[in-house]
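1. For reference, the sequence and a predicted model appear below.
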Amino acid sequence: MDFLTLLSTGSNSCGQLGIGNIDDVHRFTPCIFRGAALGSLPEHVVGIERIACGGNHTLALLRTDDGKTKLWGCGDGRKGQLGPSYTSEVREKAENAAVFRRLDLGAHLERAGILSDISEEYDIRLIAAGWETTYAVLSYPNRSDVLLSMGSDDYGNLGIDTNTRRTMHDVYVVDLRRAVRASDNSMGTITVLSLCAGPHHTIVHVRLRDPDGSSVTYFAGWGASRHGQLGPILDSSARPVPTCPKPVLIPSATPTDVCASIALGRHHTVYMQTSGNLVGLGSNRKGQLDELSTLVDVEQIGCTWNGTYALLRSGGVVATGSNTHSQLGRGPTVLVPQSALQPVAFLFSSKTHRVASLVCGSEHVLCLVDASHPEGQNRPHREVWGWGWNEHGNLGTGGTADTDVPLRVWPPASSAASRRDADADDLTQSQEGSGNQRHGDVLNVWAGCGTSWILVRK
């Protein structure tokens, strides 16, 4: 019988890896869910929709066999970023913060008047995490979505009015309707299409549907704004506003081209249009926005804190921005400026390997790669490759040295040499048997602040 396992590696000072202790680990290690056996997901869970990582806390949105979602978390909850139920269990009952546990928001939402009835049906559809802040989108049939925030508000991260009475462990509602009210469509139904958080700024893509069936989409953002990452927001003296505590509309650079996705760094924001073109906002001090407008046919985007990455429809990956920890993946020597937009130097052949998707951590990157099996095995398999900052072992290579070119990190290879060479990798697999048979099929991958995550099926 198939079963799912969530694996993690990297920074773990507050138990954010969910492996039962607070020690960094340098290889992918099975996570622990309260009440479940080691290496197993909770009973009735059939999948993981999303993993969201803050500075020292982690969220997992699990899908159960009845089609519903459950929010779980681990790590640091001292600022309220994991909700009131977590605080009472971990702090007051001295339970282990280093294992995933269910975050029960229902009773608190009813007391706060967010839910009129604790039995009211809602689905947690989207989650995101800032440095010490958590966001969750609740969806209801035939009603507007509700966006919740909890945790730190140091840069206006909670997205609430500064006059709102705040306590550290409350759950708040972000008023998205306030941002679109000027459109004269305030009676419509709001749906959050996407939710993305950087360390200290957050952006949502929302659709407002009128009672007559017509609709319009908007971007709204809040939090840190000094560098223009929320657009050109100026005070009365024409100086950038350092923070926006409430959602503000972000004007579209190309109103006729629909946005497909958003990615946020520490001080910058990147939009990908359905045409495959990119638009950047915010700081370019590290070259993180260099030449983005020249790209076409982009399939997917991602941002580290100080870099931007694009997966092209051709299968290649290009990157620009900071390279202080080899996170641009160009090898030890380059003949172009470090921040210039250039391809990532994968060490495999495009005839046998193709990048399917990428995810960005704080300063490291992981890719899902579809790879052909050695001769005689017809079924293709999926690998994880990674590069960049590795101080906490977040690449899962067994060490802590930064990696200047992509290495295969899953399935784990028998030696560093085999990870660096796709042909040797194929030889190792043909001699020892399929990596998938030994380690399971890779279903998804996520990256956080010095952390990496892989979901496998065995």
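-> Now that the structure is in, tell me what you want to look at. All values reported here derive from a predicted model rather than from experimental measurement. Residues are numbered from 1 along each chain as shown.
2. Give me the three-state assignment for Ser88.
-> Classification of Ser88 using DSSP: H, G, I helix; E, B strand; the rest coil returns helix.
3. ok, now how distant is it from Lys286?
-> Distance, Ser88 to Lys286, using C-beta to C-beta, to the nearest Å: 41 Å. Bear in mind the C-beta positions are built from the backbone N, C-alpha and C, glycine included.
4. Comparing these two, which residue is more hemmed in?
-> Lys286 (23 against 12; other C-beta atoms under 10 Å).
5. quick one, what contacts that one?
-> Lys286 makes contact with Asn306, Gly307, Gly321, Ser322, Ser339, according to C-beta atoms under 8 Å, 6 or more residues apart in numbering.
6. what about burial for those residues, which qualify?
-> Among the contacts of Lys286, those classed as buried by 16 or more other C-beta atoms under 10 Å are Asn306, Gly307, Gly321, Ser322, Ser339.
7. pull the helix or strand with minimum mean pLDDT from this protein.
-> Least confident helix or strand of the chain, by mean pLDDT, DSSP states H and E, is helix 422-432 with a mean of 36.
8. what's the neighbour count on the closest residue to Gly151 other than its chain neighbours?
-> Using C-beta to C-beta, 6 or more residues apart in numbering and skipping residues adjacent in sequence, the residue nearest Gly151 is Gln81, 3.2 Å away. Look at Gln81: counted by other C-beta under 10 Å, it has 30 neighbours.
9. Quick check: Gln81 touching Tyr135?
-> No: the criterion here is C-beta atoms under 8 Å, and Gln81 misses it with Tyr135 at 9.9 Å.
10. Between those two, which contacts overlap?
-> In contact with both Gln81 and Tyr135: Ala129, using C-beta under 8 Å, 6+ apart.
11. can you list the residues that contact stretch 225-239?
-> By C-beta under 8 Å, 6+ apart, the surrounding residues in contact with stretch 225-239 are 198, 201, 203, 221-223, 240-244, 248, 250-251, 264, 267-269, 281-283.
12. wait, Leu328 sits on Ala340?
-> No: counting by C-beta under 8 Å, Leu328 stays clear of Ala340, with 9.2 Å between them.
13. residue nearest the centroid of this protein?
-> In the chain, the residue lying closest to the centroid (C-alpha atoms, centre = their mean) is Ala52, at 5.1 Å.
14. List the residues that contact that one.
-> Thr58, Leu59, Leu61, Ile127, Ala128, Ala129, Thr134, Ala197, Gly448.
15. With Ile454 instead?
-> Taking C-beta under 8 Å, 6+ apart, one finds Leu6, Leu7, Ser8, Phe28, Val384, Trp410, Val442, Asn444, Val445 in contact with Ile454.
16. Around Arg285, how many other residues sit close by?
-> Arg285 has 14 nearby residues by other C-beta under 10 Å.
17. List phi and psi for it.
-> Here is the backbone geometry of Arg285 (degrees, to the nearest 10): phi -60, psi -30.
18. So, low pLDDT: which residues of the stretch 1-150 of the chain?
-> The stretch 1-150 of the chain contains residues with pLDDT under 70 at 1, 92-94, 107, 111-113, 115-120.
19. need the helices for it, in chain order.
-> Under the criterion DSSP state H, counting those that start in this stretch, the stretch 1-150 of the chain contains helices at 83-87, 106-111.
20. Now Val216. Nearest residue, chain neighbours left out?
-> Leu208 is the one closest to Val216 (C-beta to C-beta, 6+ apart), at 5.6 Å.
21. So that neighbour sits against Val180, correct?
-> Yes: taking contacts as C-beta under 8 Å, Leu208 lies within contact range of Val180: 5.6 Å.
22. and for the two, which residues touch both?
-> With C-beta under 8 Å, 6+ apart, Leu208 and Val180 have common neighbours Ile190, Tyr218.
23. low-scoring stretches of the stretch 301-450 of the chain, by residue?
-> For the stretch 301-450 of the chain (pLDDT under 70), the answer is 333-339, 373-379, 414-437.
24. show me where it has helices.
-> So, for the stretch 301-450 of the chain - with DSSP H, counting those that start in this stretch - the helices run 416-420, 422-432, 435-439.
25. which SSE is the residue nearest to Val216 in?
-> strand 201-209 (DSSP states H and E).
26. And the helix or strand following that strand, how far out from the chain middle?
-> Remark: after strand 201-209, the chain's next helix or strand is strand 215-224, criterion DSSP H and E. Put simply, strand 215-224 sits 19 Å off its chain's centre (C-alpha atoms, centre = their mean, to the nearest Å).
27. More neighbours: Leu328 and Ala340, which one.
-> Leu328 (30 against 16).
28. which non-adjacent residue is nearest the more buried one?
-> Ala319 (4.7 Å).
29. What's the local residue count around the one you found?
-> Neighbours of Ala319 using other C-beta under 10 Å come to 27.
30. can you check the one 5 residues further on too?
-> The burial count assigned to Thr324 is 15, neighbours taken as other C-beta under 10 Å.
31. go on, Ser350?
-> Residues near Ser350, counting by other C-beta under 10 Å: 11.
32. Skip the chain neighbours and tell me the closest residue to it.
-> Leaving aside its chain neighbours, Ser350 sits nearest to Gly315 (6.2 Å; criterion: C-beta to C-beta, 6+ apart).
33. Surely that neighbour and Leu358 touch.
-> No: Gly315 lies out of contact with Leu358 (C-beta under 8 Å); the separation is 11.5 Å.
34. rewinding a little: pipe the helices of the stretch 1-150 of the chain into a markdown table and attach mean neighbour count and distance to Asp66 per row.
-> Below are these laid out as a markdown table (neighbours: other C-beta atoms under 10 Å; distance: least, C-beta to C-beta, whole Å):
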| stretch | mean neighbour count | distance to Asp66 |
| --- | --- | --- |
| helix 83-87 | 22 | 21 |
| helix 106-111 | 15 | 16 |
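35. Leu38: which of the buried ones among the contacts of Lys286 is nearest?
-> Checking these against Leu38 with C-beta to C-beta, the nearest one is Gly307 at 35.5 Å.
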